[in-house]
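>>> let's see this in three dimensions:
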Amino acid sequence: MRTLLTNIAELTTNVAIGGDPCGTLSDAAVVIEGDRIAWVGAAADAPESDETVDAGGRAVIPGFVDSHSHLVFAGDRAAEFEARMAGQKYAAGGIRSTVAATRAASDEELRARLRGFLAEMLAQGTTTVEVKSGYGLSVADEARLVRLAAEVTPEVTFLGAHVVPVEYADRPDEYVDLVTGPMLDACAPYAKWIDVFCETGAFTVTQSRRVLEAGIARGLAPRVHASQLAPGEGVRLAVELGAASIDHGTYLTDADIDALAQSSTVLTLLPGVEFSTRQPYPDARRLIDAGVTVALACDTNPGSSFTSSMPFCIAIAVRDMGMTPAEAVWAATAGGARALRREDVGIIAPGARADLALLDAPTRVHLAYRPGVPLVRQVWKDGIAAV
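Residues are numbered from 1 along each chain as shown. Okay, the predicted model is just below:
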């Protein structure tokens, strides 16, 4: 079955053309065959297909690639958000309240909520999602979180080192022993990635190194939460260990930026966090100009960023972080793919997965130009019209 999507006013392919990394085509068309892109080019040159979809002079972009989320959890932290809006400072310790609620929830409750978030994301154009554990913090609970995540995505991250749970509050190194031993043994079969929150109030750089190196030894690839609350050594640790991504990066030194620019590690910025915590927004302009590869993600979680909207994050990145609309859309698609080391998503090219979003707008600029407006008109996931 070949489907022709034609009459596209602006097609963002993310296959660079000259100085345009977005590979923008006008008056374009795309042919989908099965779960893959079969052809891309000018609408006038489009081959015959079994069915035709008229884009009506609208824009088409790759499906969003959300490379940082925490979707398997229970409970609600609206009161914490309200307190922050009244002036209370954000701290990592609030994670423990979600841990208690998640431990008390059944698999069925967690599974239903997870699938609800995924449907919410798909409706907003997100077709690839990474999902972390981190709200169980016991061997049995972390194992079930990665198992549930593996039901819906291949991009599963074991984050047993999210924070130290209350029962180990005075014995953090013993908890690291648990994470790098029995917990890793239970979780590694379901996970692709290993992550750690290298931050004041969470794990030291020495503890973080132990966690990451243990995961690498088990065949998991590293990612790192770092520099969210203050400058630290997490960025340099991530680069040293060849991490695919360092996430947050709210507080970076010049040395951090130089290290990232000279590495293959992607810096994943999470604008929803700064919006929700009232921390300063990272200067994406400075990062991009320095040569750092930047991704955008939602960090959907109940504490510091309870949004699942990539268009919302794009609008913030343009308005408050110095990115152009083209850079922000690239970061939310191709950038996310690089943060997951994927070459089959985040682009529209022959052989890539047929994950696309049709916008109810003539250009991608409208994602930032019309903030808060639901512009995603139709979504194809693996070649199927899912929305």
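>>> all strands for the stretch 101-250 of the chain, in order.
Using DSSP state E, counting those that start in this stretch, the strands of the stretch 101-250 of the chain run over residues 126-129, 131-132, 156-161, 193-198, 221-226, 245-248.
>>> need the ones you listed in a markdown table (columns: mean pLDDT and distance to Ser263).
Heads up, the C-betas are built off the backbone N, CA and C, glycines and all. Shown next, in a markdown table, are the strands of the stretch 101-250 of the chain (pLDDT from 0 to 100; distance: least, Cβ to Cβ, whole Å):
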| stretch | mean pLDDT | distance to Ser263 |
| --- | --- | --- |
| strand 126-129 | 98 | 23 |
| strand 131-132 | 98 | 22 |
| strand 156-161 | 98 | 20 |
| strand 193-198 | 98 | 16 |
| strand 221-226 | 98 | 12 |
| strand 245-248 | 98 | 9 |
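>>> return the residues in contact with the residue nearest the centre of the chain.
Nearest to the geometric centre of the chain sits Ser67, at 2.3 Å (Cα atoms, centre = their mean). Under the criterion of Cβ atoms under 8 Å, 6 or more residues apart in numbering, the contact partners of Ser67 comprise 130, 155, 245, 266, 268, 295, 297, 336-337, 339-340.
>>> so of these, which ones are in helices?
Among the contacts of Ser67, DSSP state H puts 336-337, 339 in helices.
>>> quick revisit: quick one: which two of the contacts of Ser67 are the most distant?
Glu155 and Val266 (13.8 Å; Cβ to Cβ).
>>> which stretches of the stretch 51-200 of the chain have low pLDDT?
91-93 (pLDDT under 70).
>>> quick one on the thing from earlier: roughly how far does the residue nearest to the centre of the chain sit from Ala140?
27 Å (Cβ to Cβ, to the nearest Å).
>>> the helices in the stretch 201-350 of the chain, which residues?
205-217, 234-240, 254-261, 271-277, 284-289, 310-320, 325-330, 336-339 (DSSP state H, counting those that start in this stretch).
>>> where is the longest helix in this structure?
For the chain, the longest helix by residue count, based on DSSP H, is helix 107-123.
>>> mind listing what's buried in that one?
110-111, 113-114, 117-118, 121-122 (16 or more other Cβ atoms under 10 Å).
>>> and stretch 197-209, by the same measure?
Neighbour-count burial for stretch 197-209 [16+ other Cβ under 10 Å]: 197-199, 202-205, 207-209.
>>> would you format these as JSON lines with distance to Ala326 included?
Output for these, formatted as JSON lines (distance: Cβ to Cβ, whole Å):
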{"residue": "Phe197", "distance to Ala326": "32"}
{"residue": "Cys198", "distance to Ala326": "32"}
{"residue": "Glu199", "distance to Ala326": "32"}
{"residue": "Ala202", "distance to Ala326": "35"}
{"residue": "Phe203", "distance to Ala326": "37"}
{"residue": "Thr204", "distance to Ala326": "39"}
{"residue": "Val205", "distance to Ala326": "36"}
{"residue": "Gln207", "distance to Ala326": "40"}
{"residue": "Ser208", "distance to Ala326": "35"}
{"residue": "Arg209", "distance to Ala326": "37"}
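>>> ok, of the residues you listed, which one's closest to Pro21?
Cys198 (30.2 Å).
>>> any idea how many residues pack against the residue nearest to the closest one when sequence neighbours are not counted?
Nearest residue to Cys198 in three dimensions, chain neighbours excluded: Gly234, at 3.6 Å (Cβ to Cβ, 6 or more residues apart in numbering). Gly234: 28 surrounding residues under other Cβ atoms under 10 Å.
>>> list the contacts of Gly234.
198-199, 205, 208, 224-227, 246.
>>> give me that answer again for 7 Å
Contacts for Gly234 (Cβ atoms under 7 Å, 6 or more residues apart in numbering) come out as 198-199, 205, 208, 224, 226-227, 246.
>>> switch these over to JSON lines; also include distance to Arg319.
Below are those laid out as JSON lines (distance: Cβ to Cβ, whole Å):
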{"residue": "Cys198", "distance to Arg319": "29"}
{"residue": "Glu199", "distance to Arg319": "27"}
{"residue": "Val205", "distance to Arg319": "34"}
{"residue": "Ser208", "distance to Arg319": "33"}
{"residue": "Val224", "distance to Arg319": "27"}
{"residue": "Ala226", "distance to Arg319": "25"}
{"residue": "Ser227", "distance to Arg319": "22"}
{"residue": "Ile246", "distance to Arg319": "24"}
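>>> tell me how many other residues crowd Gly346.
30.
>>> can you give me the pLDDT of it?
Note for Gly346: predicted pLDDT of 98.
>>> gap between the residue lying closest to it once chain neighbours are set aside and Thr268?
Closest residue to Gly346 apart from its sequence neighbours, by Cβ to Cβ, 6+ apart: Ala337 at 3.1 Å. Ala337 sits 12 Å away from Thr268, taking Cβ to Cβ as the criterion.
>>> those two: which has the busier surroundings?
Using other Cβ under 10 Å as the criterion, Ala337 and Thr268 rank with Thr268 on top: 30 against 22.
>>> correct me if wrong: that one contacts Ala339.
Yes: counting by Cβ atoms under 7 Å, Thr268 touches Ala339, with 5.1 Å between them.
>>> common neighbours of these two, please.
With Cβ under 7 Å, 6+ apart, Thr268 and Ala339 have common neighbours 67, 245, 295.
>>> before we move on, the earlier item: quick one: the residue nearest to Cys198 from Ser208, how far?
7 Å.
>>> also Val15?
36 Å.
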